[in-house]
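1. Model the structure of this input:
(3 chains)
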Amino acid sequence: MAKDRQDIPLGTPLQRVTPLIITFCIIAIVGPWLLSAYWLNTFTTVACLTLVSATVALLYGQLGMVSLTQFALAGVGGWVCLRVIHGWGVPFEIGLIAGACAAGLFGLLVGLPALRMRGLYLALLTLLVAAAFQVVVNVIGFPDGGEGWTGKVVNGQRAMIDRPLAASSDVAYFRYAVIWMAAGLIWIEWQKVSRLGRAWALIRKSEAAAISVGVSVVKYKATAFAVSGALAGLAGGLIAGLNGQLDNTGFHTSQSILLYALVVVGGAYHWVGAVIAALLIRALPALLNDHGVDGNLANVFFGFALLVSLIQGRTGIAGKLADFYKFVRMSRIVEGSVSWGLIAILLGVIAYALSWTSFAGAFFISLIALLFRMAIPGVLWMLLGFFGKRTQDHAEALEAKLSLRLVKIMKAMGLRPDHRLFKRTLNWLFIGIFVAWVAWGVFGLAYLSALAIIWGALGLKVLWEVSLYTYVLPWRSQIDARYPKPFANYR
Amino acid sequence: MQMLIPFLVIGISVGAVYALSGVGLVMLYRASGVVNFAQGALGGLAAMVCWQAIELGYTDAIGWLLGIACATLLSWAYGRYIAPTLSQQDRIVRAMATLGLAFMIMGMAQWFWGDDPRRLVLPTDRSGLEWNGRRLISDTRLLALGIALAVTVLMAYILAKTSFGLKMRALQSNRMLSSLVGVRVKRIDTWAWVIAGVLAGITGLFMGNMVRLNPTVLTFLVIPALAAAVVGRMTSLPLTVLGGLAIGVIESMVILVPGLSRYGSATAFVVAIIAILWYQRHGITLSRDNSHLE
Amino acid sequence: MNINKRIAATFILASTFSVGAMAQEECGLSNGAQATGEPIQIGSIVGKTGPEDFSSSARAADAYFDCVNANGGINGRPIAFTVQDDTWNPEVASQAASKLVKDVQVVGMVGSSSFVECGANGKLYEDEGVAVVAGTGVPRSCFYNKNYAPFNQGPRSSTVGAAQYLVNTFGASSVTCVAPGIPGFGDWVCGGVQAYGDANGVKVNQVIFDPGQLDGNAIALQVMASAPEAVVLGMPRGMMLPILTAAEQLDLGNMMKWGAPTSAFHKDMPKAVGPYWQNNLYVHMELEALDKPAADTQNWRAVMAKYGQADDPIDSFSQAGYLAAKAATNAMLAIDGDINRESVFAAFKGITKMNTDMLCAPWYFGPGDRHQANHMGRVTLLTDSGFDVKTECFQTEDADLADILALEAAGGLVN
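-> Here you go, the predicted model:
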């Protein structure tokens, strides 16, 4: 069958969840400080949806099962959460947990027939369930404080549920959602390398083998469905808490399908993939909306990205990133974070002094520019791969030819030739234009100042490399000798 | 009883369109092992192109042909150039890739045409069969029923009696062995995509006329068609047609049941879910899924 | 973006020019001086991408504000108008609202029209003290919001108006109300017709269908099964078309009288429904005709011609957006002192007795917990080229209006 399947991920549970904990601590602390209210609200939704996409990834990545009903399960969770809170006036957390339990049960119910079902039929079954859920929720609607078991208000104002006391402000609720999301992701990550995950991996490899060594296929598959249902339901409750209510228009079948597609794009085998999927489904349309670009074009992009990532092998963007990190040395991380941090702080101060934008904005833009400098060539290479190996070769040959010509010209002009100049210029141009466009939208920064910050950051980094390299090198080899390739086992 | 007849007739005609769409799905699945989620989107594109052509002043016939041609061309291009790059993957991956195509077509069409109120009018709309002094069913619906039955018979004939059909069946049971004995896999595959494109185009025109001329709505009409195909275990043409008709009739009859009428459009899904569970309970394999051999 | 829209708009523009009655447009101070001061932030949320495009009213408000800015602004200060698309998704609507209210710090909202926004953002507007002079409100929550006042009647009142006309004019003794089962919409709309029927001895059948319902036929059959003398379609116009098509195929148009609320009042509608329905469909109109030879209507057309985009639709949504912008502008011009959220809130809420020839009665924001100043309209007959006005302005007999009418009777709002 497919070649790109992975066995049990390596590393101890603690090793695996540490980067996750660190990342989300940083996000929870720094996020509100960087983001405007609009983006804070958007990213709170992204945090909730990350949990939903993590459940899709769990079923697909761990067991190879395609579930197109996870968004509907979030709807079930949200429905029960609202109903419980409106009906009994219980605290928010109890509603959340009730929603999660209900969705978990529902997920189990959907999963039961799937226990003996092969991939495609499971996908179809879950799609049909999602479609049926949409019809039902369209008729009964989400509870909004009215009478009867549907809890609908017939005449009057919709009632909202209150957020938890500790998280009533937008900033606090963002942190609250991030904590729930991180807890969910950490639990999944922990299980991947524990008993459950090993059983899942064996079942995915061969059900016959699993049975022969006494692993109960029914039990572990059912657990996967129940858990993914419960986490999706939890996310539904969190979304309900964010807005105080839910609306049936938000739970269309297309959303479930789209979420699956984007999890494949993001990468189903790694938690970063779930984050990327949630960013794509909510933050990208928000960005386009901010720029006044027609939202329908996002669908075109999603379709294309899905095709590309399926053709490229199914590890998605996260898989590509993980491939890259496998070879990263500790010294590079240390040097990188020091140099990136210094450059970003410097530019942040300059931009603030010239009153272009806030310190945080410029800091963030510089970091993105530096990140892109590293990632863009790889991404382009991946995209070219979509058109086949031959296209990649052609592109490479063309680039080599142009670079050689440029080197000749430089030699003729008496300059020190740089065979990577052509590639670099293209990269810089692209990053400048693209990131400045994003910055212009998100931070409302003037286009030219954004360009100045971005190219400033890239230039400073090159300067750093050129001027300090000889001093840094011995120090780097010292670190590498002590901590060799820390992520070699991490995927 | 007097009251039931119109509902029955209308149900059958709607079911016929589901059946037609389902037959397109089954044909493609049998030949190439791909469940085509883009069937609805291709149909939507056909309907929109047809509307645009008529709007620009071309005659109706040219509009229909253009619409169907567009759907066919796109389906062919996908089957010829993109589907082969995935031929080594699981069936599930190949099915999901068509979702990518569906999103691309839907996004483009929605972006280009937007959401203005419009109608796709067929000349057969204005005449129809009279019963008790009332029009019982329009000719458009009769035509849909006729085409669905004719297409099913034609496809069944092709599969059973022609060498092309034989090769298709060979691919269905084992692609690798077929290629070893000299079946030109890619060519048969491509033809299957062309057939699927034509059927998607025809269905799209009917759906655009009867349901709603809107790319997004038409794209997601693939789900009831899938339900019909699931009833047919993705393999059996007669069962698919029966499934489509049953879904159409039940959907239409449910309207008369007070309390249930609002859940009518869930019929297709519920019927298909019951079918899946029933097949499973009785140990009937859903189709000869040979993906593990490939 | 959209060829047909553009063609249609050009056509309309051309016809307006040929009438030659283009008045000099009047907006705000009308002094011809470009406003240069510190901008006043105003926001708007519309449902643009989604099942239907509801951006028309914000586009009209945008054109009007451009005109105001070219004519002295708000005492010299220009209006900065930010429009957000909620993509028919309540989550996105609340994101958009937090952007406008918290990031942009708008002083008020003008010209919004959306299917999801009222429900999603009502609480935010209440908490933050933002008043919304909306264009058109659609679902129930738009009319049951403390700080949200639209210019239209809403589908419930408008559908009741259409039913009322069919009952009074053709003596229909049974009416079937058809509406989509969208929560907070279908039951609410048909509930209004039901209440009207109960009060007037008319038998009412409700056909609430699933908006995902694939076949207009099923609905047409349900209508046929209930065998009424009149039918009203309470829904957005995109959903009407398949039902009308199916009804045409069953020849129901000649068996009973058909009525529709304002949503059918759109320049493309006669062409879209086709010849069968021309002279066969009565459409209630909550604002006045698009080409009424009266000062405000002509001024709206002139503003749209000069400051609007070529593809801005000319429809009743646009009228409502124009009125919202005009009401907001006049209210802000009257503010004595600093223009901030508090003063604008008070000014918007204090709008009373706004006379315009686009509405049957004066408009006001109103002090109550819910707002629906517009509850009078006319009925038109859809013809081959447009709409024939059939009645004078009449009061919609919607039972829910009791509180509104009581408030008006207390005086000070309309007279």
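2. Now do the contacts for the closest residue to chain B within chain C.
-> Going by C-beta to the nearest C-beta, chain B is nearest to residue C:249 of chain C, at 3.9 Å. For the C-beta atoms, the positions are set from N, CA and C on the backbone; glycine is no exception. When contacts are counted by C-beta atoms under 8 Å, 6 or more residues apart in numbering or on different chains, residue C:249 touches B:125, B:128, B:135, B:137-138, B:140-141, C:217, C:220.
3. Wondering if stretch B:244-256 reaches chain A at all.
-> No. Stretch B:244-256 stays clear of chain A (C-beta under 8 Å from any C-beta of the partner chain), getting no nearer than 11.1 Å.
4. what residues does that stretch touch?
-> B:3-4, B:7-8, B:10-22, B:148, B:224-225, B:227-228, B:231, B:260-261, B:263-265, B:267-268, B:271-272, C:214-215, C:217-218, C:221-222, C:225.
5. Which residues belonging to it are considered buried?
-> Neighbour-count burial for stretch B:244-256 flags B:244-255 (criterion: 16 or more other C-beta atoms under 10 Å in any protein chain shown).
6. For the stretch 1-150 of chain A, which residues are neighbours of chain B?
-> Counting by C-beta under 8 Å from any C-beta, the residues of the stretch 1-150 of chain A that sit close to chain B are A:1-2, A:66, A:113, A:116-121, A:123-125, A:127-129, A:131-132, A:135-136, A:139.
7. Now find how far off-centre stretch C:41-61 is within its chain.
-> 12 Å (C-alpha atoms, centre = their mean, to the nearest Å).
8. Between the two ends of that stretch, how far is it?
-> The first and final residues of stretch C:41-61 sit 13 Å from each other (C-alpha to C-alpha, to the nearest Å).
9. quick one: the helices in the stretch 151-300 of chain C?
-> C:154-170, C:186-200, C:216-226, C:237-249, C:269-273, C:295-307 (DSSP state H, counting those that start in this stretch).
10. right, I mislabeled it, should have said chain B
-> B:4-32, B:39-55, B:60-77, B:91-113, B:139-161, B:163-173, B:175-180, B:185-210, B:215-219, B:222-231, B:237-254, B:267-281 (DSSP state H).
11. how many other residues sit next to residue 100?
-> Just so you know, I chose chain A. 27 (other C-beta atoms under 10 Å in any protein chain shown).
12. ah, I was thinking of chain C
-> Neighbours around residue C:100, by other C-beta under 10 Å: 26.
13. do the same with residue C:329
-> Residue C:329, neighbours per other C-beta under 10 Å, totals 25.
14. wait, which of the buried residues of stretch B:244-256 is closest to residue B:216?
-> Nearest to residue B:216 out of these is residue B:251 (C-beta to C-beta; 20.6 Å).
15. List the beta-bridge partners for the residue in chain B that chain C sits nearest to.
-> Among all residues of chain B, residue B:138 sits closest to chain C, at 3.9 Å; criterion: C-beta to the nearest C-beta. The partner list for residue B:138 in beta bridges (DSSP bridges) reads residue B:128.
16. mind listing what it touches?
-> Counted by C-beta under 8 Å, 6+ apart, residue B:138 has contacts B:124-128, C:249.
17. most neighbours, which of these?
-> Within the contacts of residue B:138, residue C:249 tops the neighbour count with 27 neighbours, counted by other C-beta under 10 Å.
18. does the residue nearest to residue C:126 when sequence neighbours are not counted sit in a helix, a strand or a coil?
-> Here the nearest residue to residue C:126 in space, its sequence neighbours aside, is residue C:146; by C-beta to C-beta, 6 or more residues apart in numbering or on different chains that works out to 5.3 Å. Using DSSP: H, G, I helix; E, B strand; the rest coil, the structure places residue C:146 in coil.
19. that older thread, right, and the helices of the stretch 151-300 of chain C - which one's nearest residue A:182?
-> Across the helices of the stretch 151-300 of chain C, residue A:182 has its closest neighbour in helix C:186-200 (40.9 Å, C-beta to C-beta).
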